[in-house]
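**Student:** Attaching a predicted model along with its sequence, questions to come.
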Amino acid sequence: MTIKVLLVDDEEGIRKVLGICLEDSGYEVHTAGDGRIASRMVKTLLPDIVLTDIRMPGMGGIDLLKFIKKELPDIEVIMITGHGDLGLAIESLKMNAVDFITKPINNDILEIALKRARDRIDNRNKLRLYTRNLEDLVKEKTQKLEASEKRYIQLFNESPSLITLQNKDFQIVESNNRFKKQFGKDPDMCCYQVYKKRETPCPGCPVVETFKDGRSHVAEMDVTLKDGSVRNFLVQTSAVLEPNGDIKHVMEMSTDVTMIHELQDHLAALGLHISSISHGIKGLLTGLDGGDYLISSGIEKKDTELVADGWEIVKEKISMVRKMVLNILYHSKDRSLDISSEDVFDFIQELTTTLDPRMKKAGIVLTLDIPKPGIEIPMDKPLLLPAFLAILENAIDACIAVKETKKHLEIKINVILARDLVEFKIHDNGKGLARAYREEVFSLFYSDKGNKGTGLGLFIAKKAVKQHKGIIKVESIPGEYTEFTISIPL
């Protein structure tokens, strides 16, 4: 591309000679006789280089330089000066003139000044091109980052798990849509307030452990959702690091595994039913064999009383077969709760009356702190009563285990009525539970009684309480006490 030069000088001869020289060097040359004319021409001509005399009538070269650098700063200006104007020439360099040459003009020096101006123009064009390319690259990378961010946000929000980002105060600083749908989006919420309605962090919290060691931790816990339902969650944590390696946040991912546990419970229940049926049938067959023997012996001896006794046994076993078949049919399908209003006083009386002979025999004192008759709560009594019986039987067993070392054995049953729930506490001062057993106490087939325990009672008790959308928990100190707390919403 041909470079345009505007030559400004009040001497026509210089303009003519210098113009010819510049054209011979390949420049497109335009001329002006003073600074004022030149100032108008630069706006329309837009020259690449202005070659101007310093001293001219009217608007001089210095004023023209100031004008050009203010209005069109990319135009390069070379000053032409006499020997007496060196001070002004040097001053012009401070005003961003590219160079100055002195009269009489030497062609070699002129070419050096022009080359310096061309180099500035080339460097500026290269910088402009580089900047444009850099801007395009930044724009492209920004678009890619924005697209990636949208994808990650979509993955974050569409994840089937509940995901939160928590700071060291356990405040939830970010959460995905599924979590917000279940628990809301209060910015001041803490995880233990959301999941457990507690005022302090939960014991064994995996978030605490991850903040301590930076490693991923896994835990299972019962969580109360916004609608009041209780679900079992598998919780896994991961550290989110700052550039210096410090842990800034912990990401917690919670997956609802309630259905998996329910499936495990169903499979376990199926095994229990099969085992129970097998033992039941074996007992019935033994009983029928006994009845058959008595009837056969009575017929042989012509002893009608013996035949009658044998027939009574057969009728009893037939009745038991009928009951067993009905129970099998009853438990082979999902059973919804059959809720009815039950008197709390009568419920506790029925519970304790069933096991009262065993407690008296063991010398256990029973203390009741329960409402007076007339206070009713909704429950499925046939489902809930066996659960409480299992817990009370465990309390009795715990007291009997220390009968030889403790003089005073006591079981306390306390019922606390609140506006939206009822809380049952069964406390004994028996042998207590070891830490390992406390963590597994509600697991299927887990028992600390050796061959004397089936590992079924507390498992069934927890299942019954969960069906009532309640929570069951245990606190214990070995050698001192155990306390089961059953909370059931009203």
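**Tutor:** Here it is on my side, so go on.
**Student:** Helix or strand next in line after the lengthiest helix in the chain, which one?
**Tutor:** For the chain, the helix that runs over the most residues, judged by DSSP state H, is helix 107-158. Of the helices and strands lying after helix 107-158 in sequence (DSSP states H and E), the nearest is strand 162-166.
**Student:** before we move on, back to that, strand 162-166 and the longest helix of the chain, what's the angle between them?
**Tutor:** In terms of direction (axes from the mean of the first three to the mean of the last three Cα atoms, to 10 degrees), helix 107-158 departs from strand 162-166 by 120 degrees.
**Student:** Report the distance from helix 107-158 to the chain centre.
**Tutor:** Averaged C-alpha coordinates place helix 107-158 at 40 Å from its chain's average position (Cα atoms, centre = their mean, to the nearest Å).
**Student:** tell me the mean pLDDT for it?
**Tutor:** Averaged over helix 107-158, pLDDT sits at 85.
**Student:** Which of the helices or strands spans Ala219?
**Tutor:** For Ala219, the host element (DSSP H and E) is strand 218-224.
**Student:** List the strands paired with that strand, with their directions.
**Tutor:** When pairs are called by DSSP bridges, strand 218-224 turns out to pair with strand 230-241 (antiparallel).
**Student:** Would you double-check that Thr294 falls in a helix?
**Tutor:** If you look again at residue 294, you'll see it is Leu, not Thr. Yes: following the definition DSSP: H, G, I helix; E, B strand; the rest coil, Leu294 is counted among the residues of a helix.
**Student:** returning to what we had before: for the strand holding Ala219, buried residues please.
**Tutor:** Taking 16 or more other Cβ atoms under 10 Å as the neighbour-count basis, strand 218-224 is seen to contain the buried residues Ala219, Met221, Asp222, Val223, Thr224. C-beta here means a position set from N, CA and C on the backbone, and glycine is covered the same way.
**Student:** Please apply the same query to stretch 113-129.
**Tutor:** Of the residues in stretch 113-129, those scored as buried under the neighbour-count criterion (16+ other Cβ under 10 Å) are Ala113, Leu114, Ala117, Arg118, Arg120, Ile121.
**Student:** Ok, stretch 419-438 next?
**Tutor:** Per 16+ other Cβ under 10 Å, stretch 419-438 contains these buried residues: 421-422, 424-433, 437-438.
**Student:** Stretch 194-210 now?
**Tutor:** If you call a residue buried by 16+ other Cβ under 10 Å, then stretch 194-210 has these buried ones: Val194, Tyr195, Lys196, Cys202, Cys205, Pro206, Val207, Val208, Glu209, Thr210.
**Student:** Adding pLDDT, secondary structure and distance to Thr237, write those out as CSV.
**Tutor:** As requested, those are arranged in CSV below (pLDDT from 0 to 100; DSSP: H, G, I helix; E, B strand; the rest coil; distance: Cβ to Cβ, whole Å):
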residue, pLDDT, secondary structure, distance to Thr237
Val194, 78, helix, 15
Tyr195, 78, helix, 13
Lys196, 76, helix, 16
Cys202, 81, coil, 13
Cys205, 86, coil, 9
Pro206, 88, helix, 4
Val207, 88, helix, 6
Val208, 86, helix, 9
Glu209, 89, helix, 7
Thr210, 90, helix, 4
